[in-house]
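**Student:** quick one, structure for this:
(chains A, B and C)
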Amino acid sequence: MAPKVEGPWARFRSEFAESRLAMAGLLVLVAILAIGILAPVISPQNPYDLAQLDVMDSKLAPGEKSAAGGTYWLGTDDQGRDMLSGIFYGLRISLGVGIASTVFALAIGLVFGLVAAYFGGWVDTLIMRIVDIQLSFPAILIALILLAVLGQGVDKIVIALVTVQWAYYARTVRSSALVERQKEYVEAARVLALGQARVVFRHLLPNCLPPLIVVATVQVAHAIALEATLSFLGLGLPITEPSLGLLISNGFQYLLSGKYWISFYPGVALLLTIMAINLVADQLRDILNPRLRK
Amino acid sequence: MLAYAIRRFGQSVFVLVLMSFLVFIGVYAIGDPIELLVNPQADEVERVRAAAALGLDRPFLAQYWVFLKGAASGDLGRSFVYNEPALTLILDKLPATIELAFVAMVMAIGLGIPLGLLAGLKPDSFIGRAIMAGSILGFSLPTFWVGLVLIMVFSVQLGWLPSNGRGETMMVAGLPVSFLTADGLAHLAMPAVNLALFKLSLLIRLTRAGTREAVLQDYVKFARAKGLSQGRVIGVHVLKNILIPIVTVIGLELGSVIAFAIVTESIFAWPGSGKLLIDSINQLDRPVIVAYLLVIVTLFIVINFVVDVLYSLLDPRVRLGGAAASH
Amino acid sequence: MSGGPLLQVDGLRMHFFTKAGVVKAVDDVSFTVGRGEILGLVGESGSGKSMTGYSILGLVDPPGRVVEGRIVFDGTDLTRLDPAAWRGIRGNRIAMIFQDPMMTLNPVLRIDTQIVEAVQAHSGVSRESALARAREALVRVGIASPDERLRAYPHQFSGGMRQRVAIAIALVNGPDLIIADEPTTALDVTIQGQILFEMQKVCRESGTALLWITHDLSVVAGLADKVCVMYAGRFVESGPVADILDRPLHPYSRGLIDSVPARNERGQPLRQIPGMTPSLLSLGPGCPFRERCSSATPRCAESPEVTEPSPGRRLRCFHPAR
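**Tutor:** Next up, the predicted model:
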């Protein structure tokens, strides 16, 4: 029996496709990303161009016609804004904040984790002590305080999210780098007197990537949820840049009078996004986890 | 054990002082409370007098020193807004938060461990898959949105449960509690479910993973080979082994439940410390923010300590310090 | 008590129904164990010998299932019992000892708990009398200061001590049969000898029958009355221990015996059986050993019937050694 020769990428794809649920998650995720990127093109209106809004259309239920004749499939908010367009734009901001904060946190965590693992000693102790102390507090508490101090704004919330997330990456990178450092190929690279930077980035780094990819995928979902929560509490984004969380918060006051759609549909969009990412992350974890490899 | 406890205590005090300093720096940077507190028409003389009365005219380090001296004697400053000791304000609100967190945690544990066991024992059955799917959903649902949906369904559509407040309370040992009156329970139900949901999902996953690992162990097969009933094999042999990591996580999550109560309390207008924090942030009430954080940090440290002790009680290998008496 | 043998396994088949296909872990195995008799069940890893032991106790986990055959214990076919009745026999009349003593005792329960629960699962005695029986069982397996030991946790014991505790648990209810699944393999050689000696002594004293599962023929030689050899889930041959060791009929048994290092062959290369055990997943009909067998002929592609070449000996081979 000659095993079929296939590249790692093909093997990865076929293993990923083994779970139909994960494939569904991936499909939804791609669709959501496309909507986020194309929001200005595909939205029925630009919800933040006041000239396009008609106060006469405010708080219309889903499916009702606008004064101008169009249909608001998901209703309108108190300003007469089309909720569908609002959600498309909101997705764009939520995804942007989530991905941007993950990328920055990943980069910072990666550097600190590698430094801690490679140099060890007091450098390692200091970095990991900070990580431990930080991780012993719930992310939401730290983010809340930071935002209370920093104020509102996209840049502020990204800073807050990066601050609460970098420690996860640092810990993940350090632990897998420590495992890799023991291995012979790193020893061999050192014996060859390759530069330290080269050993770290060409040899250690690529082998730390699989667990990092899994953590990063999960963390994008966490970041999006956290941003939404903070915006809902009125501490995240300003009203001029409404993410999904802010849309939900905005609709909250109308919920008790039965105008559910202003909060409900942005929530569904948020839920779908987070769930799709989690499904993909779960499958990635199963594939990339060497302990579960057959 | 005593030396260990003392070392832990020293570490805790250090973390506490460090946190207080960081928090103080951070909170000090928040806007100018004078702007909010003093009548906008007030003249400069009045502003300076107000600032002096609140101690805001002194340099930063002097303010911190005053704060530290006060903190050591249990005085965490006075609220700018309510003109009451900040600590008193928080301690007044804390029981409501703790009641909410406690009820939520009991719900999460009471449901999460049995459901996780079931899903772990029958991973391929319909019920096992359904429980897992539910826990993935519970993981993905943002807490605040679940709260909104609960209000939408049970308060607005069905009109069964009240959407805000604590309801009628009863005094137990000098503290008001909601869970002993019918009205209080009705008020407590939705916030508690809301807060429990995420922890429930977490406990299901944890218990399921632990169970799946434990049932493959030889000691489980040996227990069955002894002719023990299924109930004893699962209830004693499996459960006692998986409880060790679960207790650790429950302990650590207790702190995060209190933190997440901030969100739940804001949605359901539950008069607890989390809502007080959000209000204080919006009103720039610095002493209350600082005091809240210090109280929470202290609470965390206490919880971590208790978890360590519990852990050692559950796991004989830790308790006996690995002093194997083998020959 | 019925007049027949204590345990009669007859045409036992235990299959695993996996996604990749049906794995015939035990495929038509028969043997008998008389009262107080010691049977060595011999085979290499993957031969289905442990699974045979689990089948007798009804401890096979899904996706495995006993699909055919009878397991008659003291006149009762265990496969027809309801789960509760089978549980009443487990640990009571048939006990089992596992291979790795580090894994078989529950790490978070004290020794007394683990013995007392075995007693109380089968009789309504008080905790005090259960403890007394526990203490007695520990003394029987040679554990000094049993009272102190009862209050200890497994991690405070060495591997050999743990296996003694496991044996004490197996003995505590006075079973008629003990199934021992390679209980000495994980132990040091000196401890192995002690445990073997004591197991044999205790079983002879109390008239307990023993089904000793092992890959090690040298263990069986000094211990068993009878031997049953398995290969790739199938019965190979059985008979009195001296007959099998002196004059193996099946080429596989011969290969096994030849590959035991013997003292008088110092300096000689060890003999080994060429080839590897076939995958149970792709195993067709016919003798599973034929790929590795020097006597194999085309006829071996059919499955040979079990024959009785001499009284007390049974064999499944077309080409028995002479």
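**Student:** ok, the most centrally placed residue in chain A to chain B distance?
**Tutor:** For chain A, the residue whose C-alpha lies nearest the mean C-alpha position (C-alpha atoms, centre = their mean) is residue A:220; its distance is 1.9 Å. Distance from residue A:220 to chain B, counting by C-beta to the nearest C-beta, to the nearest Å: 13 Å. Bear in mind the C-beta positions are built from the backbone N, C-alpha and C, glycine included.
**Student:** phi and psi next, for that residue.
**Tutor:** The phi/psi pair for residue A:220 (degrees, to the nearest 10) reads phi -60, psi -50.
**Student:** contacting residues around it?
**Tutor:** When contacts are counted by C-beta atoms under 8 Å, 6 or more residues apart in numbering or on different chains, residue A:220 touches A:98, A:99, A:102, A:277.
**Student:** where does the second one land in three-state SS?
**Tutor:** Put simply, residue A:99 is helix when judged by DSSP: H, G, I helix; E, B strand; the rest coil.
**Student:** same question for the last one.
**Tutor:** Three-state secondary structure (criterion: three-state DSSP) places residue A:277 in helix.
**Student:** and the helices in the stretch 151-300 of chain B?
**Tutor:** Using DSSP state H, counting those that start in this stretch, the helices found in the stretch 151-300 of chain B span residues B:182-214, B:218-225, B:230-232, B:239-268, B:273-282, B:286-314.
**Student:** dihedrals phi and psi, the residue lying closest to residue C:295 once chain neighbours are set aside?
**Tutor:** Nearest residue to residue C:295 in three dimensions, chain neighbours excluded: residue C:319, at 4.2 Å (C-beta to C-beta, 6 or more residues apart in numbering or on different chains). Taking degrees, to the nearest 10, you get phi -130, psi 70 for the backbone angles of residue C:319.
**Student:** got a pLDDT number for residue C:319?
**Tutor:** On the pLDDT scale, residue C:319 is placed at 79.
**Student:** what's the neighbour count on it?
**Tutor:** Applying the criterion other C-beta atoms under 10 Å in any protein chain shown, we find 18 residues in the vicinity of residue C:319.
**Student:** low-confidence stretches in the stretch 51-200 of chain B?
**Tutor:** Scanning the stretch 51-200 of chain B with the threshold set as pLDDT under 70 gives B:54-57, B:170, B:173-174, B:180.
**Student:** up against chain A, what does it have?
**Tutor:** B:136-137, B:139-145, B:148-149, B:151-152, B:155-156, B:163 (C-beta under 8 Å from any C-beta of the partner chain).
**Student:** which residues of chain C score low on pLDDT?
**Tutor:** For chain C, the stretches flagged by pLDDT under 70 are C:1-3, C:262-266, C:322.
**Student:** residue C:284: which element?
**Tutor:** When secondary structure is defined by DSSP states H and E, residue C:284 falls outside every helix and strand.
**Student:** and the residue in chain C positioned nearest to chain A, what element?
**Tutor:** Scanning chain C for the residue nearest chain A gives residue C:282, at 9.5 Å (criterion: C-beta to the nearest C-beta). Assigning secondary structure by DSSP H and E places residue C:282 outside every helix and strand.
**Student:** also residue C:213?
**Tutor:** strand C:209-214.
**Student:** and that strand, how far out from the chain middle?
**Tutor:** The chain centroid and the centroid of strand C:209-214 are separated by 4 Å under C-alpha atoms, centre = their mean, to the nearest Å.
**Student:** identify all contacting residues around that strand.
**Tutor:** Contacting residues not belonging to strand C:209-214 are listed as C:6-7, C:33-42, C:49-50, C:52-53, C:56, C:176-182, C:185, C:199, C:203, C:219-220, C:223-224 [C-beta under 8 Å, 6+ apart].
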